[in-house]
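Q: Build the 3D model from these lines:
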Amino acid sequence: MILDNTSNCDAKEGPSVSVIVPTKNSERTIERCLKSIKEQNYKNIELIVVDNYSEDKTFEIANKYADKIIKKGPERSVQRNYGAKISSIKYYYFTFSHNYIVIDSY
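A: Numbering: from 1, shown residues only. Take a look at the predicted model:
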């Protein structure tokens, strides 16, 4: 299943970047992670969450922030590769759901 909330990225704002976040039962950390990505001043970002069939509220939380949400397993490497495959953008940034990104670090 893929939920696609893709917004149009503006080419004049710089190159678009797909930020791909693999998750698994990450409800304690995912909101801070995704919020930190969305709050960047650089806005040409497509945010993709690839969830490994979480049994908590990870998917619901991700739905508030992500442009695309996919359920795919069985492990992070598969999730990351699949996120890159379904991305509409040629540049990728991978991070994990327990990380957050400091404003303007892009």
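Q: Name the residue closest to the centre of this structure, please.
A: Nearest residue to the geometric centre of the chain (C-alpha atoms, centre = their mean): residue 48, 3.2 Å.
Q: Neighbouring strands - and their directions - for the helix or strand hosting it?
A: Counting by DSSP states H and E, the element that carries residue 48 is strand 45-51. Using DSSP bridges, the strands paired with strand 45-51 in its sheet are strand 17-23 (parallel), strand 68-71 (parallel).
Q: Would you convert those into CSV that also reports mean pLDDT and distance to residue 36?
A: Bear in mind the C-beta positions are built from the backbone N, C-alpha and C, glycine included. Shown next, in CSV, are the strands paired with strand 45-51 (pLDDT from 0 to 100; distance: least, C-beta to C-beta, whole Å):
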stretch, mean pLDDT, distance to residue 36
strand 17-23, 96, 10
strand 68-71, 96, 17
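Q: Of these, which is nearest residue 81?
A: Judged by C-beta to C-beta, the one of the strands paired with strand 45-51 that comes nearest to residue 81 is strand 17-23, at 9.2 Å.
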